[in-house]
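**Student:** sequence and predicted model, in that order:
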Amino acid sequence: MKMWFHEWWFGGGARPFRFLSLVFVIVTCVSVRSAVGQAGLNDDRVMLQGFYWESYRHGHPEKFPQFGARTWYNIIHDNADAIRDGHFSLIWLPPPSYAGGSSAGYNPKEYFNLGNAYGSVEDHRAMLVALLEKGVEPVADLVLNHRDGLTGWTDFKNPDWGLWAICADDECFNDDKSGVKGTPMNQRGAKEDSPAYRQGSNYAYGDFRDIDHSNETVRRDILRYLLQLKSFGYRGWRYDMVHGYDAKWIAVYNRVSQPTFSVGEYDWDKHAQQRGWIWETAATPGQLETASSVFDFSTQFVLKDNKGRYAAWSGFGNGTGMMGDTTDGLPWKNRAVTFLENHDTGYRTDEDGSPQKDHKFDSFANTWEVEQAYAYILTHPGVPCVYWKHYFDWGSDLHEKIKGADQCATGGRGQSGQPAAHPNQCSVKRRLCGHAGGGQWSIVCTRGRKRF
């Protein structure tokens, strides 16, 4: 029997006694397994988001001297031990392909060129090797909804695609500045996908060209790209802006590439559509355990907008958001990836260092706010995702508290770097109690985060 006692004082500032929680975990191991792989609906891993919006500025002192000379890939490489020590099984990394010399990567220009603003091809590979050697699975951020031309709107290179790869209703065919205005319909791709779960919404993306996934050559090249990334060292996929194309293509890509983890970013406030998207991504139709996960924005919204109002956190007794959804009696909670912040939310800056519009503040303050929210997602269903800045940049106190809860959530790690035991092969009891004003709430779970 192993016992961990973690006493978290979520106080500080003007609210020193507003919330006291005790996480008490008793783990009786039944058996030990050597690795934690994709486990259908029993995935108890925890993911680290291994970058933030400004990460691509590291390693370019001539333009961003305040970010130093080390590239972001070098920084991740140097922190591989610390990431493993934090009990993270997965790390979500930034877009892997070339998108220009100064870009966060969400405008891919050359899919097969794996040198980019985050570092050289050599830096990239060395980082992946270091992570894999520590047992941390790299997850690539795949930007497949749209592409950027190498020098203009539509000159796609590496792989080379023509106008036939662009959705027929893309704005480039109606814009004088594109150079391809008025292209005949028979030289364009098919119109943008309109799946039933999307309920008539149109997600044409005006900044770059929408890709026609119904084209066989496009799908072949995307699959080549995914297999290249797996050979390079990636093990899982984070699909960007998946509301822009049909979920059935995700099912195809996952069926062929067989990632150990898959999650999509669907339009943030479309909860019901997210559920429909999950269902349609199943590699084996009708089997939810083969479907992709989705980022649980609904839960993030509830936690962000109800700080200190704990009754709202319980939902209908199941929790909030996707990880509390019981529609049709299905375990949608086990297809949820919960989080508090990511590169698209909270505080971030333009290249001159000034805060971007609508990004002047973090979603959670570095106080009891962020601590309580992490205590919640790390003791609830889904795969929790911890933000890089919170773990590495917000101080040792928060770092150790997240690390302690992460150890509880994953069942701990042995000295060899392997899990001491998989939580779903153990008897786990965890109680999180707190007092807020005149109210009180508690959560009791057994056999891991999936057994609420």
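**Tutor:** Cool, the structure landed.
**Student:** give the next helix or strand downstream of the longest helix anywhere in the chain.
**Tutor:** Taking residue count as the measure and DSSP state H as the definition, the longest helix of the chain comes out as helix 216-232. Tracing the chain C-terminally past helix 216-232 and defining elements by DSSP states H and E, one meets strand 236-239 next.
**Student:** what does that next one contact?
**Tutor:** Strand 236-239 is contacted by residues 90, 92, 137-142, 144, 226, 250, 253-254, 257, 259-265, 292 when judged by CB atoms under 8 Å, 6 or more residues apart in numbering. In this view, the C-beta of every residue, glycine as well, is placed from N, C-alpha and C.
**Student:** narrow those residues to those in strands?
**Tutor:** The members of the contacts of strand 236-239 that map onto strands under DSSP state E are 90, 92, 137-142, 261-264.
**Student:** now these in CSV, with neighbour count, distance to residue 343 and pLDDT?
**Tutor:** Formatted as CSV, the entries for the ones in strands among the contacts of strand 236-239 read as follows, by neighbours: other CB atoms under 10 Å; distance: CB to CB, whole Å; pLDDT from 0 to 100:
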residue, neighbour count, distance to residue 343, pLDDT
90, 27, 16, 97
92, 25, 10, 98
137, 23, 20, 97
138, 24, 17, 98
139, 25, 14, 98
140, 26, 15, 98
141, 23, 9, 98
142, 27, 15, 98
261, 23, 18, 97
262, 26, 19, 97
263, 25, 14, 97
264, 25, 16, 97
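**Student:** how near is residue 286 to residue 192?
**Tutor:** The spacing between residue 286 and residue 192, counted by CB to CB, to the nearest Å, is 26 Å.
**Student:** neighbour count: these two, which is higher?
**Tutor:** Using other CB atoms under 10 Å, the more surrounded residue of residue 286 and residue 192 is residue 192, with 21 against 8.
**Student:** pLDDT value on the more buried one, please?
**Tutor:** The per-residue pLDDT reported for residue 192 equals 92.
**Student:** for it, give me its contacts.
**Tutor:** Residues in contact with residue 192 (CB under 8 Å, 6+ apart) are 167, 169-170, 202-204, 210, 244-245.
**Student:** residue 53: what's its closest spatial neighbour, skipping adjacent residues?
**Tutor:** On the basis of CB to CB, 6 or more residues apart in numbering, the spatially nearest residue to residue 53 that is not a chain neighbour turns out to be residue 348, at 4.0 Å.
**Student:** ok, residue 332 next?
**Tutor:** Nearest to residue 332 is residue 325, by CB to CB, 6+ apart, at 4.1 Å.
**Student:** re earlier: can you say which of the contacts of residue 192 are buried?
**Tutor:** Burial of the contacts of residue 192 was assessed by neighbour count (16 or more other CB atoms under 10 Å); the buried members are 167, 169-170, 203, 210, 244-245.
**Student:** in a markdown table, list those residues along with pLDDT.
**Tutor:** Below are these laid out as a markdown table (pLDDT from 0 to 100):
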| residue | pLDDT |
| --- | --- |
| 167 | 97 |
| 169 | 95 |
| 170 | 96 |
| 203 | 80 |
| 210 | 97 |
| 244 | 95 |
| 245 | 96 |
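**Student:** could you tell me which of these belong to strands?
**Tutor:** When the buried ones among the contacts of residue 192 are checked against strands using DSSP E, the ones located there are residue 210.
**Student:** dump the buried ones among the contacts of residue 192 to TSV, plus distance to residue 65.
**Tutor:** As requested, the buried ones among the contacts of residue 192 are exported to TSV (distance: CB to CB, whole Å):
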residue	distance to residue 65
167	41
169	44
170	39
203	38
210	37
244	37
245	40
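**Student:** closest to residue 69 among the buried ones among the contacts of residue 192?
**Tutor:** The shortest distance between residue 69 and any of the buried ones among the contacts of residue 192, using CB to CB, involves residue 244 and amounts to 36.7 Å.
**Student:** in contact with that closest one, which residues?
**Tutor:** With CB under 8 Å, 6+ apart, residue 244 has these contacts: 145-146, 192, 203-205, 210.
**Student:** what is the burial count for the closest residue to residue 213 other than its chain neighbours?
**Tutor:** Nearest-residue entry for residue 213: residue 249, 4.4 Å, with adjacent residues in sequence omitted and distances by CB to CB, 6+ apart. By the other CB under 10 Å criterion, the neighbourhood of residue 249 contains 22 residues.
**Student:** right, and residue 249 touches residue 215 too?
**Tutor:** No: Residue 249 sits out of contact with residue 215 when judged by CB atoms under 8 Å, with a separation of 10.7 Å.
**Student:** I'd like the average pLDDT over the host helix or strand of residue 123.
**Tutor:** Under the criterion of DSSP H and E, residue 123 resides in helix 121-133. The predicted model assigns helix 121-133 a mean pLDDT of 98.
**Student:** over to stretch 215-223?
**Tutor:** Here the mean pLDDT over stretch 215-223 is 98, rounded to a whole number.
**Student:** tell me where the model's unsure across this structure.
**Tutor:** 1-40, 316, 408-452 (pLDDT under 70).
**Student:** how about the helices of it, start to end?
**Tutor:** 72-78, 80-85, 121-133, 216-232, 247-257, 271-280, 297-305, 368-377, 388, 396-410.
**Student:** using CSV, lay out the ones you listed together with distance to residue 177.
**Tutor:** Converted to CSV, the helices of the chain look like this (distance: least, CB to CB, whole Å):
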stretch, distance to residue 177
helix 72-78, 33
helix 80-85, 44
helix 121-133, 33
helix 216-232, 24
helix 247-257, 29
helix 271-280, 32
helix 297-305, 33
helix 368-377, 44
helix 388, 37
helix 396-410, 47
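**Student:** hmm, back to that, how close does the residue nearest to residue 213 get to residue 292?
**Tutor:** When distances are taken as CB to CB, residue 249 and residue 292 turn out to be 11 Å apart.
**Student:** for stretch 229-240, measure first residue to last.
**Tutor:** Counting by CA to CA, to the nearest Å, you get 16 Å between the two ends of stretch 229-240.
**Student:** my guess is residue 337 contacts residue 264, does it?
**Tutor:** No: at 9.1 Å, residue 337 and residue 264 do not qualify as touching, with contact defined as CB under 8 Å.
**Student:** need the residues touching each of those two.
**Tutor:** Counting by CB under 8 Å, 6+ apart, the residues touching both residue 337 and residue 264 are 293-295.
**Student:** what sits opposite the nearest residue to residue 205 once chain neighbours are set aside in the beta ladder?
**Tutor:** Once its chain neighbours are removed from consideration, residue 205 has its nearest residue in residue 146; the separation is 5.1 Å (CB to CB, 6+ apart). According to DSSP bridges, residue 210 are recorded as the beta-bridge partners of residue 146.
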